[in-house]
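Asks: Give me the fold of what follows.
(2 chains)
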Protein chains: 2
Amino acid sequence: MNTAIIATGSELLAGLVKDSNSKFIAENLRELGFTVTGIYLANDSKEDIIRTIKCASQKAELIFITGGLGPTEDDLSRNALAEALNKNLIYSEEIALRLKNFFAARDYEMTDNNFRQAYLPEGAEVIENNFGTAPALKLESNNKLFYLLPGVPREMTAIFKNKIIQELEALSEKKIIYREYNFIGIGESTLEDKFNQIKIDPKIEKSYQAVKGEVKLRLKVTIADTQQKKEAEKILAQAERKIESELEAYLYSKNDKDILEIFIEKITKSKLTIASAESFTGGLFAKRLSDKAGSSKFYKGSIIAYSKATKIKLLNINPDTIEKHGMISRECANEMAKNAAAIIETDIAVAFSGVAGPSNMEAKKPGTIYIAIKYKDRIKSIQINKNFGRSLNRYYATQIAFFELIKLLKGES
Amino acid sequence: MNTAIIATGSELLAGLVKDSNSKFIAENLRELGFTVTGIYLANDSKEDIIRTIKCASQKAELIFITGGLGPTEDDLSRNALAEALNKNLIYSEEIALRLKNFFAARDYEMTDNNFRQAYLPEGAEVIENNFGTAPALKLESNNKLFYLLPGVPREMTAIFKNKIIQELEALSEKKIIYREYNFIGIGESTLEDKFNQIKIDPKIEKSYQAVKGEVKLRLKVTIADTQQKKEAEKILAQAERKIESELEAYLYSKNDKDILEIFIEKITKSKLTIASAESFTGGLFAKRLSDKAGSSKFYKGSIIAYSKATKIKLLNINPDTIEKHGMISRECANEMAKNAAAIIETDIAVAFSGVAGPSNMEAKKPGTIYIAIKYKDRIKSIQINKNFGRSLNRYYATQIAFFELIKLLKGES
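Replies: Below is the predicted model of the structure:
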């Protein structure tokens, strides 16, 4: 069944307030197996809401309208829906009584305005709102089903969860099964290219999304019943095995978990300690290491050596190394990692040296990055040559480091 | 002029990702004096985007479409707009060349997919995107003006601010004059309280906005012509003088400039150098010091001492100080700042010690923060007791430090 969501409120179109209601409803509709064909934000104007209801109804049979159910003059959703469907507004004694009780129970003063809320489109069914004065409404007309919900997120979500979800479950014909995979170290179009070369069941729909320093792949199968569910899970499992074997080098998560969370789980379990020695990342890795509560269990400290002098003085980098290879070099990064582990006395140390940009340094281009990870008697050395701009270059380096650390810690747990 | 915004992306309608682009555009359009008549979210389906373009065009003459300009199969905005307006898609040698150069400059691998981005609706004007491969487009048809913008927020906002705002200013009939003031160290409601006691011209509308670690005050006067503009500027200047004198202790910016930008201007001019010694901020201050290009001129390095042992070993903190006062103390922060300036050999050193949260430490509550700034023979010491939650506690401490540094550097320039 196709659905649409309309959020009313001039403050939304002025960019003053974020519309969080539509995302909440959309997420729930997806999980219930509905397709959302459009989300529409409309001003508190009857004409605009009517126009929007007509647009939304073109493709959808199930339409949610949030906001505009309050007692003031700019609350026009009831009137707009009635007019859009050629229905009269009628006065409901039942709602009027409910409003009176609501106000009496709370010792609120009741104004004439409040009785505006007792008018509703002919044929509408009232859904009680236990958290506010605006009752939700449900109305069927010309094979389309409309839900009018209050705009206050707390009231809307309560009514949706407690009253509406059950009704929707009964309406939903199909369900959708999702799988999500997160990749680091590969671009969106290269991933699509590589993945297109892998044969997966054509019933699986694929979509890609580039997010900060990583790419998400989402697989989706639509099913109609329990029998199909088993089949869908089978073909998704087959696809997953192929992703794991063919794209392993870039895959870091199979359930959209944050990379930091995965890292923290692993290092906490390993009981190892970590430090960092940073040049062009300037403390970003240290900051991320300490973002979450409990990080003092594994994170001991960092030395940010942002100049040649501090590299030599704080990290004991041999001036000959810099003389011979430059500060932006595999050799310098390796020495930074080795010395940081010794100075800060940790099991692991990660070092970063590179060119953040926008200018070249030591005749090296922005995006030239050296990462070194010291652990036990080995140093793993990584080189990157990709320029995403200053800010993302720094972030990307830390992403790669976390990915490499997760790989390394896999061997430990 | 009536405007509309269309955000494309199936992930938006699945409730998986928030649409932040539309709010950004809506906010800017409002400030430019335009009315937004609708915001529409559409799936990555050509049919859906065409339907949405038609709905949006009913009332609007200026339409923004974000997303769907990438290189993959689900990027369909170009095709949809062409079809909605009965235009052909044509291959642009110019864009193809630009794409090739973009990839070459970054040493990226280019796939056939990428050339999809070289097709554009007939008559479309290309607006260069300096941050990604998706060029923005501008197209006039039947007295309606369409802007197609990339969906990646960083790219979209950069193009909007650098290329589009000037064009829109010329189109807007009414003007609004704004003044913006940024405050640190005062809450939104306290600021409102204080400001309400100051008399300003009633033609000035006031609004407040709490943003990460600071509060914005916006003054607004709507004008119709040049005569009114002079008058508006006069009353705004009067209001500004009052703000400067009455709220000086919290005011850090009069033009919505980033605090980091103001700090960098001042320290660069002063030719002084800076270092940090961080405990609970874990490198966040170091990271922010090095966020902008050119920071190596003043920023030399940091020591992140996240444990007692690293405080003693890396920062030479006297164990007696910790024994007597604890690590979370004015005394420890002062010693950290003093020693960091000596070890890293800088003019200024800033130290942070505190409880990020959520748990107590040394029997001190989250939000107990000590900041010390060492400069010349003095140490300025600041204590904060405000708990905003772990992440904001850390950020707020760095905000206060930057504000104090700006005050200190004012005496130097």
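Asks: Contact partners for A:N339?
Replies: A:N339 makes contact with A:A277, A:L315, A:N316, A:I317, according to CB atoms under 8 Å, 6 or more residues apart in numbering or on different chains. Every residue, glycine included, has its C-beta placed from N, CA and C.
Asks: Repeat that for A:G132.
Replies: A:P150, A:V152, A:E155.
Asks: what's the answer for A:I49, then?
Replies: Counting by CB under 8 Å, 6+ apart, A:I49 makes contact with A:I6, A:T8, A:A42, A:N43, A:I65, A:G68, A:L76, A:S77, A:A80, A:L81, A:A84.
Asks: Work out for me the element the nearest residue to A:N360 once chain neighbours are set aside sits within.
Replies: With sequence-adjacent residues excluded and distances taken as CB to CB, 6 or more residues apart in numbering or on different chains, A:N360 is closest to A:P366, at 7.0 Å. Applying DSSP states H and E as the criterion places A:P366 outside every helix and strand.
Asks: And for A:A80?
Replies: Per DSSP H and E: helix A:77-84 holds A:A80.
Asks: can you tell me the average pLDDT over that helix?
Replies: Confidence for helix A:77-84, expressed as mean pLDDT, is 95.
Asks: Same question for stretch A:383-393.
Replies: Here the average pLDDT along stretch A:383-393 is 93.
Asks: end-to-end on it?
Replies: Across stretch A:383-393, the terminal residues are separated by 13 Å (CA to CA, to the nearest Å).
Asks: try stretch A:121-135
Replies: Taking CA to CA, stretch A:121-135 runs 13 Å from one end to the other.
Asks: which residue ranges form the helices in the stretch 301-413 of chain A?
Replies: With DSSP state H, counting those that start in this stretch as the criterion, the stretch 301-413 of chain A has helices at A:308-315, A:319-325, A:330-344, A:390-410.
Asks: now for these, which one comes closest to A:S189?
Replies: helix A:390-410 (16.8 Å; CB to CB).
Asks: Looks to me like A:N113 is in a helix.
Replies: Yes. Looking at A:N113 with DSSP: H, G, I helix; E, B strand; the rest coil, it is inside a helix.
Asks: If we ignore the residues flanking it in sequence, what's nearest it?
Replies: A:P71 (4.3 Å).
Asks: which SS state does that neighbour fall under?
Replies: coil.
Asks: hey, C-alpha coordinates of the helix holding A:A80 in PDB?
Replies: C-alpha atoms of helix A:77-84 as PDB (Å, rounded to 0.1, in the frame of the first residue of the first chain):
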ATOM      1  CA  SER A  77      -5.900  20.700   9.200                       C
ATOM      2  CA  ARG A  78      -9.500  19.600  10.100                       C
ATOM      3  CA  ASN A  79     -11.000  22.300   7.900                       C
ATOM      4  CA  ALA A  80      -8.600  21.700   5.000                       C
ATOM      5  CA  LEU A  81      -9.200  17.900   5.000                       C
ATOM      6  CA  ALA A  82     -13.000  18.400   5.100                       C
ATOM      7  CA  GLU A  83     -12.800  20.800   2.200                       C
ATOM      8  CA  ALA A  84     -10.400  18.700   0.200                       C
END
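Asks: quick one: secondary structure of the residue in the stretch 101-250 of chain A positioned nearest to chain B?
Replies: Nearest residue of the stretch 101-250 of chain A to chain B: A:S189, at 4.8 Å (CB to the nearest CB). Classification of A:S189 using three-state DSSP returns helix.
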